[in-house]
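Enquirer: Sequence first, predicted model second:
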Amino acid sequence: MITVLAGGVGAARLLRGMVRAVPADEVTAIVNTADDLVLHGLSISPDLDTVTYTLAEAVNPETGWGLVGETWQAMDALERLGGPTWFRLGDRDLGTHLHRTGRLADGAGLTEVTAEITRAFDIDARLLPMTEDRVTTMVTLAAGTEVGFQDYFVGLRHEVAISSVRFAGVEKARPAPGVLDAISSASTVVLAPSNPIVSIGPVVAVPGISDALAARRDDVVAVSPIVAGLALKGPAARMLRELGHEPTVVGVARLYCDLAATLVVDTADAELAGAVEAAGMTCLVAPTVMTDLDVATNLCRTLLSTDPSTGPHSDQPAESPTGTF
């Protein structure tokens with residue numbers, strides 16, 4: 001079994017390649033839920049839904065989130081009524097949120113509800129929320145105001161400087177059913193190319209998860225979301241810099257070195273392989289910019305064949321980081 005810690009578009013694209021590289025029913029994704037929110041009375045799980053829609057080949061290709069072929073009549077009606085529409089929910093997407101909200105209100109756990117949704121989308125991979133307890137990513141802006149992650153990411157378009165990030169409620173959270181077993185029983189655990197601070201960070205902050213990863217460190221492989229000092233999508237590089245971390249693959253290695261033995265970096269960062277190793281991780285150099293499904297699949301095959309004893313590899317031709325996760 002392969003277990004992937006996941007959050008957002010980059011993880012979804014990696015998982016799409018993963019279920020092509022190995023049988024889908026051998027893949028488990030532990031997905032960030034600290035971005036979840038309640039809006040219009042609905043329970044919304046953005047990362048779970050992005051992974052679900054992507055694996056179902058139903059994601060909106062223009063946005064990387066939401067469903068293909070969306071209409072926006074509900075949002076248009078809400079706007080006419082003067083309601084909040086800053087967080088856009090398409091008409092088809094609303095069905096997912098309505099089901100989740102109703103089932104949670106009936107007393108079902110988020111793990112069970114997520115399984116119902118993935119079955120409805122004919123997904124053979126197993127998706128697990130990181131926890132069924134309430135954990136919320138809170139971002140303190142440089143100006144001193146603390147806001148929820150979606151207010152920062154969507155409402156403010158992640159264009160303002162920040163000074164800190166915390167995960168409210170994480171101290172009392174418990175891993176969701178199946179999470180620790182998925183880590184302990186996996187042949188390989190992968191940290192997806194997601195934002196280390198606000199996508200992977202909340203997952204490993206849930207008590208018990210970082211210890212489970214550390215116990216399997218030799219079998220944990222991380223994929224850097226930073227290529228040539230840039231995040232291919234989203235604010236990861238800027239957040240690293242603003243929070244005092246080096247916004248390069250070396251900075252990623254310093255964050256992950258206690259949890260993973262190997263870091264996969266793009267060919268554009270081949271010259272930093274030695275610095276990654278000095279930070280305490282074996283460095284594997286390979287094309288990581290998932291411009292299409294073949295690249296994503298080959299990346300997954302590469303990281304699943306990683307042997308920590310082989311050291312860094314840099315025999316791949318350089319690739320310009322112009323794609324998007």
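Expert: Done, it's in.
Enquirer: now residue 222, nearest residue through space, not along the chain?
Expert: Nearest in space to residue 222, with sequence neighbours left out and distances taken as C-beta to C-beta, 6 or more residues apart in numbering, is residue 191 at 3.8 Å. In short, each C-beta sits where N, CA and C put it, glycine included.
Enquirer: Remind me what the strand or helix carrying residue 284 packs against, helices and strands.
Expert: Using DSSP states H and E, residue 284 sits in strand 282-285. Counting contacts by 3 or more C-beta pairs under 8 Å, 6 or more residues apart in numbering; DSSP states H and E, strand 282-285 is packed against strand 262-265, helix 273-278.
Enquirer: Generate JSON lines for those, with distance to residue 119 and mean neighbour count as supplementary columns.
Expert: Formatted as JSON lines, these follow (distance: least, C-beta to C-beta, whole Å; neighbours: other C-beta atoms under 10 Å):
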{"stretch": "strand 262-265", "distance to residue 119": "31", "mean neighbour count": "28"}
{"stretch": "helix 273-278", "distance to residue 119": "40", "mean neighbour count": "18"}
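Enquirer: Going along the chain, name the strands of the stretch 151-300 of the chain.
Expert: For the stretch 151-300 of the chain, applying DSSP state E, counting those that start in this stretch gives strands covering 162-168, 188-191, 220-223, 226-227, 230-231, 262-265, 282-285.
Enquirer: Now the third one: buried residues?
Expert: Of the residues in strand 220-223, 220-223 count as buried by neighbour count, 16 or more other C-beta atoms under 10 Å.
Enquirer: May I have the phi/psi pair for the nearest residue to residue 123 once chain neighbours are set aside?
Expert: In space, and not counting its chain neighbours, residue 123 is closest to residue 55: 4.9 Å by C-beta to C-beta, 6+ apart. For residue 55, the backbone dihedrals (degrees, to the nearest 10) come out as phi -60, psi -30.
Enquirer: Let me know the pLDDT of residue 322.
Expert: Reading off the confidence values, residue 322 has pLDDT 29.
Enquirer: Please apply the same query to residue 12.
Expert: The model's pLDDT for residue 12 equals 94.
Enquirer: need the contact list for the residue nearest to it when sequence neighbours are not counted.
Expert: What sits nearest to residue 12 in space, not counting adjacent residues and going by C-beta to C-beta, 6+ apart, is residue 54, at 3.7 Å. Contact partners of residue 54, counting by C-beta atoms under 8 Å, 6 or more residues apart in numbering, are 9, 12-13, 15-16.
Enquirer: got any ranges where this structure has weak pLDDT?
Expert: For the chain, the stretches flagged by pLDDT under 70 are 306-325.
Enquirer: how many neighbours does residue 155 have?
Expert: For residue 155, the count of nearby residues is 14 (other C-beta atoms under 10 Å).
Enquirer: The residue lying closest to it once chain neighbours are set aside: which element?
Expert: Nearest residue to residue 155, sequence neighbours excluded (C-beta to C-beta, 6+ apart): residue 86, at 5.2 Å. In this structure, residue 86 sits in neither a helix nor a strand according to DSSP H and E.
Enquirer: Could you give the backbone dihedrals for residue 86?
Expert: When read as degrees, to the nearest 10, the backbone of residue 86 gives phi -70, psi -30.
Enquirer: Surely it and residue 156 touch.
Expert: No - proximity of residue 86 to residue 156 does not meet the contact threshold set by C-beta atoms under 8 Å, at 9.7 Å.
Enquirer: between those two, which one's more packed in?
Expert: Per other C-beta under 10 Å, whichever of residue 86 and residue 156 has more neighbours is residue 156, with 15 against 11.
Enquirer: Need the strands of the stretch 151-300 of the chain in CSV (columns: distance to residue 82).
Expert: Output for those, formatted as CSV (distance: least, C-beta to C-beta, whole Å):
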stretch, distance to residue 82
strand 162-168, 29
strand 188-191, 43
strand 220-223, 44
strand 226-227, 41
strand 230-231, 35
strand 262-265, 48
strand 282-285, 53
